[in-house]
Structures are given as C-alpha cells and as structure tokens.
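In: Got a sequence here, can you build the structure:
(one chain, ligands or ions: 1)
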Amino acid sequence: MSIDAARWWDLRLPDPAPSAHTGHPVAVPGDADGNDRRVPLLRTSALIEAEPSTVVAALRLRLDSSDAPAATEATPDSAARIETMGTGQLLGVGDRVVYGIPFGRTRIPVRTRLTSVDSGELRATAVAGSPWRLDHRITVTETRAGTLLTESLRWYWFGGLLDEILGALFIRRIVLRMFAAREASIRAAVQRLRAAPAVVGAALVRAETVLAAQRARPETLAGRWELPGGAVETAETEQNALVRECVEELGAQVRVGPRIGPDLPLPDGRVLRIYLAMLDPASDEPQAREHRELRWLSAEQLDEVDWLPADLDLLPDLRWFLTASAENSANQRR
Ligand SMILES: Nc1nc2c([nH]c(=O)n2[C@H]2C[C@H](O)[C@@H](COP(=O)(O)OP(=O)(O)OP(=O)(O)O)O2)c(=O)[nH]1
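Out: You can find the predicted model right below:
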C-alpha cells in the first residue's frame, strides 16, 4: 500500500505553536498564520494519555446522551447540547452544538454549527446573527507522550480593539473555564472508551476497494453491511483477533495494518475499532462463510450498501483513504 496510513493523523494538522505545549492558556492577538492580528484568539492545550482515535471519539460523543460522561453534570460549565442532524452517534458537518456560557445565575446560549469534521479536527462556527461571529477549532495531534488536544476560539464582535477589551474583561475568563470543564469531560469519556470491551473490524483493502460483508444473523442485524471481524477474546491482542476472525468468517489470511478512524461506540457499550488490512499474498480468495454476501466497494460505491449505524461514522475516513490510494496509484502509473 503506497499511503503511509500511520501518519494519518498528521495529514491536515497544523503544528501547534510552542506556547501550546505548556498546557497553559494563551491569549494572543491573531496567529502566526498571517490571519488578522487584531482578531483575538484564545487557545489552550492538554496532553491526554490515549491514542488520537480514542480522543477524537471522546470529543465527538454526544455530551447530552444518557451514556455521556458524568463529568458533564459534575462540571456544569461544560454544558453543551448537541442537536445532531446526521444519523450516526458521532458528530457530523451541519450538526449544531449549543453551549450554555454561564453569566451570573443564567446561561447565555451560543449556537454553533459544525463546518468541518475530520479525523484530526472539529471546527465550529457560531450561527448567531451578524455582526457577531465565533470560530471554535479543536485539533488533535499525536505525540510520543500521548495526544495533544488544542482548543482555540476566535471571536469577531465589533472588531479590533473593542473585541480585545471585551475579551480581556469578559470572554477570556468564561471561555477558559469552559475549556477546562470540557477537558475534564473528555478525559472521563476517554477512560470510559478505553475500558470498554472491544470489537475489531478489518478494512480489507485491495486495488482501491474495501471488502464489505452482509450480515446473516441475528435477525435485527441481518441484511445490513459491516466490515469482517468480531469480539476480542480474553488475552488476545486486537490484531490477533482480526486475523482469527478473518480465517473464521472469510477463510482468508490477512496482514493487519494501522488503525483507521475513531473508536466507534456500539449501542451495547462495547467499542468498535477498525484496522486497515491486506490479504496475504498466499491467502485463498475470501468467501462468505458466515455472511450472506461479500462485495468489494470503491470509494464511489460506499453508499450503495446499508451499513450498520456505527460503520456510517467510519465512512468519511474510509472514503478519504480509498480516494487517496487511488490518486496515489494513478500518480505512480504516470
Ligand atoms: N464485526 C463487526 N461488527 C460490527 C460492525 N459494526 C457493528 O456495529 N458491529 C457490531 C455488530 C455486533 O453487535 C458486534 C460484533 O458481533 P459479531 O457477531 O460480529 O462478533 P462476535 O465475536 O461478538 O460474535 P461471534 O463472531 O463469536 O459469533 O459489533 C462491523 O463493522 N464489524
């Protein structure tokens, strides 16, 4: 495979500024990318000892769902109501996030709409009317010590100096409290995801297509499509579980590669983790031993089958990977 998927997370992420590594909040006018220096920017960062795929899943978990981390209640400043427009459990573009920013005894609702979501970054822009605008950006960056989570907020109110004064007097304190509370709830969600029993799935890739399998059982899931795999048994690594499941379900020998996409919470409390995989050159052709049918799907065909709900949240990452592999192969042929 010509794409180095281990560098998956680095692809679209800017380097955090050195001050972000200190873990202390910084408020600087503008940023180093040449953006308007008069626009206030507030940034905090935290190192979380977990893989980026888990941190992203924690970020994208609905904070208002019943299985949300209890920290949402324990730290009311993090209160965020998320109005999901998509079907999946994770956030998608177009979803609205309503933050209740505490102000005296009341809360001022700030409505933001997610404008971009990918493996490394969530970006939301406030939808409150003009002239006021708010850009909220969360990025995750893999480091040797864990995942660096950086949150930044930039606001445009009246513009220029007035925004800086308002920021210093009012916004800065509230926003930093909100960031701190969110960090606590993200840490709690990360712990919950790491402790959950795992199901693993193989994104088995061949010639820019991925193998999808149609479930035959149980009745509630029969007819829907998934990636081959199953539950990880006690004292088994996730990679070994995938190799075993692919033999049992497909009669195929696979080589397991790096993770793709975030942790995907399942309705029963388990967590689904997907790994890229390739057929071993000596392997037999995969057969539907336990499934109804198998199909090799290209990036364009991913929407043609009725995926299980958890898998829907993987499709953007899978589509990106298949498209990038196809482009890469085309470039190499030239
Ligand atoms: N393997 C797999 N399971 C998925 C996917 N998406 C998804 O929601 N699931 C759910 C369906 C099931 O509730 C659970 C996996 O159960 P399973 O029947 O495949 O595996 P298992 O090891 O628990 O059972 P078995 O193979 O021993 O019969 O995860 C997916 O893409 N692949």
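
In: if I've got this straight, D263 is in a helix?
Out: No. Applying DSSP: H, G, I helix; E, B strand; the rest coil, one finds D263 to be strand, outside a helix.

In: pretty sure it contacts R270?
Out: No. Using C-beta atoms under 8 Å, D263 is not in contact with R270; the gap is 10.3 Å. Bear in mind the C-beta positions are built from the backbone N, C-alpha and C, glycine included.

In: Same drill for these two, tell me which one is more crowded.
Out: Taking other C-beta atoms under 10 Å, D263 and R270 do not tie; D263 has more neighbours (29 against 15).

In: give the contact list for the more buried one.
Out: Listed by C-beta atoms under 8 Å, 6 or more residues apart in numbering, the contact partners of D263 are 53-54, 56-57, 193, 271-273.

In: Not counting residues beside it along the chain, what's closest to it?
Out: With C-beta to C-beta, 6 or more residues apart in numbering as the criterion, D263 has its nearest non-adjacent residue at 3.8 Å, and that residue is A57.

In: before we move on, what SS does the residue of the stretch 201-334 of the chain found nearest the ligand have?
Out: Here the residue of the stretch 201-334 of the chain nearest the ligand is G230; by C-beta to the nearest ligand atom that distance is 2.8 Å. What three-state DSSP gives for G230 is strand.

In: before we move on, what about the one 3 residues further on?
Out: The local conformation at E233, judged by three-state DSSP, is coil.

In: Can you verify my assumption that it contacts A241?
Out: Yes. Between E233 and A241 there is a contact under C-beta under 8 Å: 6.5 Å.

In: So for the two, which residue has more residues nearby?
Out: Neighbours per residue (other C-beta under 10 Å) separate E233 from A241, with A241 holding more: 22 against 9.

In: So that one is in contact with P228, correct?
Out: No. Using C-beta under 8 Å as the test, A241 is too far from P228 to be in contact (11.4 Å).

In: Beta-bridge partners for V271, please?
Out: Note on V271: beta-bridge partners A198, P265, judged by DSSP bridges.
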